[in-house]
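Student: Sequence and predicted structure are below.
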Amino acid sequence: MDILESRIDVEGEEFLANREAMLALVTELRGELERARNERSEKARARHVRQGKLPVQERLESLLDPGTPFLEIAPLAAKGMYDSKVHAAGIRGGIGVVEGREVLVIATDAMVKGGSMYPMSVKKSIRLQQIAMENRLPVINMIDSGGAYLPLQAEVFPDADDGGQVFYNQAHMSAMGIPQIAAVMGLCTAGAAYIPAMSDHVVHVKGTGAIFLGGPPLVKAATGEIVDQETLGGADLHCRQSGVSDYSAEDDYDAIRRIRALVRRLPPSPKQVPHTRAPREPIYAPEEIYGIVPARLSVPYDVREVLARILDGSELLEFKPLFGPTLVCGWAHIHGYPVGVVGNNGVLFSESALKATQFIQLCDREGVPLVFFQNISGFMIGKDYEAGGITKHGHKMVAAVSLTRVPKFTVIIGGSFGAGNYAMCGRAYKPRMLWMWPNARISVMGGEQAADVLVTVKNEQLAREGQPPLTAEIESAMKEPVIRMIEGESDPWHSTANLWDDGIVDPAKTRDLLGLAISASWNQPLAERAPWGVFRM
């Protein structure tokens, strides 16, 4: 393979200015992650300690193998929503290693609103289950939840992708042979009671764990019966009488020991990774990415400079380097795993789309996962380009991205606008993971362009009615709220709060995150190659 040669002056004024701007964003990101992980009320902390329960972070640290990484999913979900205190949507979750086995961990946090499930909590739970199913990962559920947040029950309960989807997914995971282990470490109330009931193994902590469809207050209101929490749904009842739970644990530590023992006896993973090689660090420091990416999206740069700081040995065997040059395609390795890389170097032309289509088909045939680096304003528009078939050539790329059977991963490293988002494997195209850098933006189009379109449409309407065009003052008044709205909805904080991505990430850590995700993806054997659809010629 060819070594990517960097042409960046790491002492130059532009590099240093870019670095300063990106470091400010990364510092903000670290602060938000710290807040989401640790900002809890003293009342909630005291109650947790009084009950003898471990905080979620300590549960995770005790469960995961020492010294192994944890790929956390959507750590800033629900940021700024509700009262801005439903941190991480009340759930910590991600891919980790237990007894040498890659697993998907879901842990509700009772120090966030008592573990109540908000609409975004449900959405995050379903996303975590989707990751488990796509990558065939055993699921460990550490449950401590008071059930649905009742004031928002209409947004949690009734629809196809609301709370019921969680249990539907559990049934399908069971049918797929995906092991599910539940640890009842606190309340499992109402719908949450079905999580252990539908799991393969249930570990139940004495004194703190309780499973019931209706808690003591509801039982009293509905039937007049007065019963305490332990008698109604404690470990003794469910391990001795109902049979809902399988193993009684003395405390959280004992429960985690039992979970690890259950994982240890699971059948071997079918994981088979072809054509790996010994990992090699890039020859350029990943931290140099901070100075490469311009502070303004409108400033172009060569995506190869980013790739040189992510790929093993900074090596890339580039495909069709002279054809469709606004898209870089090529074969490489990340942490020893073979990958096909697709990175934007400008707007997408017909040639770019045709190149990508052929490259994706080659990767599909060879079983090579695809990694998309998005920084795209969209497809080229205009009379000549429409006459040249930009729409049908774009369709080929979109179809190839949709139909390929290999794992896909997407990193939005700049702009992600319009149909460019689709062609470069946006969320709707089912990448196994999708991350955003803190400088990224995502929307149908930029705020200025959207505002200009609306003004143009309005002036055309006025012209048809024989009226004069808008004055400059009216135009400005019309454009300003549109620009403000789109800028607010396109920033990465809005995206990650709404779970449009799996997290905002430090650009310098992108290589390691990709390595973890690609490794996990190989637990799911590749499907048989499906027939391709029609590519309009």
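Tutor: Here it is on my side, so go on.

Student: ok, residue 470 - how many residues close by?
Tutor: Other residues near residue 470 come to 16 when the count uses other Cβ atoms under 10 Å. Heads up, the C-betas are built off the backbone N, CA and C, glycines and all.

Student: what's it in contact with, if anything?
Tutor: Residue 470 sits next to 455, 458-459, 462, 478 when contact means Cβ atoms under 8 Å, 6 or more residues apart in numbering.

Student: For the closest residue to residue 184 other than its chain neighbours, give its distance to residue 98.
Tutor: Distances taken as Cβ to Cβ, 6 or more residues apart in numbering place residue 209 nearest to residue 184, at 3.7 Å, with adjacent residues excluded. Going from residue 209 to residue 98 by Cβ to Cβ, to the nearest Å gives 20 Å.

Student: contact partners of the helix or strand harbouring residue 103?
Tutor: For residue 103, the element it lies in under DSSP states H and E is strand 101-108. With Cβ under 8 Å, 6+ apart as the test, strand 101-108 has contacts from 56, 59-60, 63-64, 70, 90-98, 115, 125, 128, 131-132, 135, 137-145, 186, 192, 263, 266, 269, 271, 519-520, 523.

Student: mind listing the helices for the stretch 1-150 of the chain?
Tutor: Remark: helices assigned in the stretch 1-150 of the chain by DSSP state H, counting those that start in this stretch are 13-38, 42-50, 56-63, 119-135.

Student: Ranking by neighbours, what's the top pick from the contacts of residue 470?
Tutor: In terms of neighbour count, residue 455 stands highest of these at 18 neighbours, by other Cβ under 10 Å.

Student: Next up, phi/psi of that residue, please.
Tutor: phi -70, psi -40 (degrees, to the nearest 10).

Student: is it true that it touches residue 478?
Tutor: Yes: with contacts counted by Cβ atoms under 8 Å, residue 455 reaches residue 478, the gap being 6.1 Å.

Student: picking up where we left off before, looking at residue 209 and residue 98, which is more packed in?
Tutor: Neighbours per residue, other Cβ under 10 Å: of residue 209 and residue 98, the larger number sits with residue 209, 30 against 22.

Student: And that one, how far from residue 244?
Tutor: From residue 209 across to residue 244, the span is 11 Å (Cβ to Cβ).

Student: same thing with residue 533?
Tutor: Remark: distance between residue 533 and residue 244 (Cβ to Cβ) = 46 Å.

Student: Compare the two and say which one has the larger neighbour count.
Tutor: Higher neighbour count among residue 533 and residue 244: residue 244, with 19 against 11, using other Cβ under 10 Å.

Student: secondary structure class for that one?
Tutor: The assignment at residue 244 comes out as coil when based on DSSP: H, G, I helix; E, B strand; the rest coil.

Student: does the closest residue to it other than its chain neighbours sit in a helix, a strand or a coil?
Tutor: Setting aside the residues directly before and after it, residue 244 is nearest to residue 238 in space (Cβ to Cβ, 6+ apart), at 4.3 Å. Counting by three-state DSSP, the backbone at residue 238 sits in helix.

Student: burial of residue 238, as a residue count?
Tutor: Look at residue 238: counted by other Cβ under 10 Å, it has 24 neighbours.

Student: my read: it touches residue 204, true?
Tutor: Yes: applying Cβ under 8 Å as the test, residue 238 and residue 204 come out as touching, 5.8 Å apart.

Student: okay, and the common contacts of those two?
Tutor: With Cβ under 8 Å, 6+ apart, residue 238 and residue 204 have common neighbours 211, 245.

Student: and the helices of the stretch 1-150 of the chain, which is most packed in?
Tutor: The highest mean neighbour count among these, using mean count of other Cβ atoms under 10 Å, belongs to helix 119-135: a mean of 22.

Student: what about that helix, average pLDDT?
Tutor: What helix 119-135 shows for mean pLDDT is 97.

Student: Likewise for stretch 342-361?
Tutor: Mean pLDDT, computed over stretch 342-361, is 96.

Student: Now do that stretch: distance from first to last residue.
Tutor: End-to-end span of stretch 342-361 (Cα to Cα, to the nearest Å): 13 Å.

Student: ok now that stretch, how far from the chain's centre?
Tutor: Centroid separation between stretch 342-361 and its chain, computed with Cα atoms, centre = their mean, to the nearest Å, is 24 Å.

Student: One more: stretch 332-347?
Tutor: On Cα atoms, centre = their mean, the centre of stretch 332-347 falls 19 Å from the chain's centre.

Student: end-to-end on that stretch?
Tutor: For stretch 332-347, the first and last residues are 23 Å from each other (Cα to Cα).

Student: Stretch 333-349 now?
Tutor: Using Cα to Cα, the end-to-end distance of stretch 333-349 comes to 27 Å.

Student: Then stretch 404-413?
Tutor: Using Cα to Cα, first and last residues of stretch 404-413 are 23 Å apart.

Student: swap in stretch 242-258?
Tutor: Using Cα to Cα, the end-to-end distance of stretch 242-258 comes out at 20 Å.

Student: ditto for stretch 404-420
Tutor: Stretch 404-420 has an end-to-end distance of 18 Å (Cα to Cα).

Student: For it, buried residues please.
Tutor: Neighbour counts over stretch 404-420 (16 or more other Cβ atoms under 10 Å) mark 404, 406-420 as buried.

Student: Among these, which are located in strands?
Tutor: The strands, defined by DSSP state E, take in 408-417 from these.

Student: follow-up on the earlier one: if I average pLDDT within each of the helices of the stretch 1-150 of the chain, which one is lowest?
Tutor: Least confidently modelled of the helices of the stretch 1-150 of the chain is helix 42-50, at a mean of 93 by mean pLDDT.
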